[in-house]
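J.: Fold the following for me, if possible:
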Amino acid sequence: MTKAWEIATAMYSEDAYSQWLGAEILEMEAGHCVLRMTVREEMTNGFKIAHGGITYALSDSAFAFASNSQGRKAVSIETSISHIARVDIGDVLTATAVEESLSNKIAVYHITVVNQNGDKVALFKGTVYRTSKEWEVEGSP
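T.: You can find the predicted model right below:
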């Protein structure tokens, strides 16, 4: 298991919200994360479509795992999302986080969310502050 996987596993084990979403980690490497989940009825709004917070939360989780995967603890300082297509009950969403810029203190990530047909449903951008604290995970030096 790579250090990125170890960090994501440690984070996920304490992440009640990602667990409630049913988010599953499909891919995990330094600066990159792919999560998948299925939209449930209790995730819908008054229009019986997925609440915008669902794609936001899935994106934010992929963002968190990707931004911490470099080995230093990172915290969000700015995020934004564009909801570009409706999401329905039963849709299977996949969020892919990609590191766009990495410096000593700041990193920027773009997250694309697609449905089971490969149609883009949301675009998310996040910026993190990279602390000086290293992740200490079992089995890592």
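
J.: Arg86: neighbouring residues, count only.
T.: Look at Arg86: counted by other Cβ atoms under 10 Å, it has 11 neighbours. Quick note: C-beta positions are derived from backbone N, CA and C, even for glycine.

J.: Tell me if I'm right that it and Gly52 touch.
T.: No: using Cβ atoms under 8 Å, Arg86 makes no contact with Gly52, being 10.5 Å away.

J.: Strands of the chain, residue ranges please.
T.: Counting by DSSP state E, the chain has strands at residues 24-29, 32-38, 72-83, 92-102, 106-114, 120-134.

J.: is Arg130 in a bridge, and if so with what?
T.: Ala74 (DSSP bridges).

J.: Same question for Val108.
T.: So, taking DSSP bridges as the rule, Val108 has Ser101, Thr127 as bridge partners.

J.: Can you pull the phi/psi pair for Phe47?
T.: Dihedral angles of Phe47 (phi, psi; degrees, to the nearest 10) stand at phi -90, psi 0.

J.: could we number from 8 for the rest of this?
T.: Sure, I'll start counting at 8 from here, so that last one is Phe54.

J.: Please work out how many residues are found near it.
T.: The number of residues near Phe54, taken as other Cβ under 10 Å, comes to 8.

J.: Reformat the strands of the chain as TSV; add distance to Ile14.
T.: Compiled in TSV, the strands of the chain are given as follows (distance: least, Cβ to Cβ, whole Å):
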stretch	distance to Ile14
strand 31-36	8
strand 39-45	10
strand 79-90	9
strand 99-109	14
strand 113-121	14
strand 127-141	10
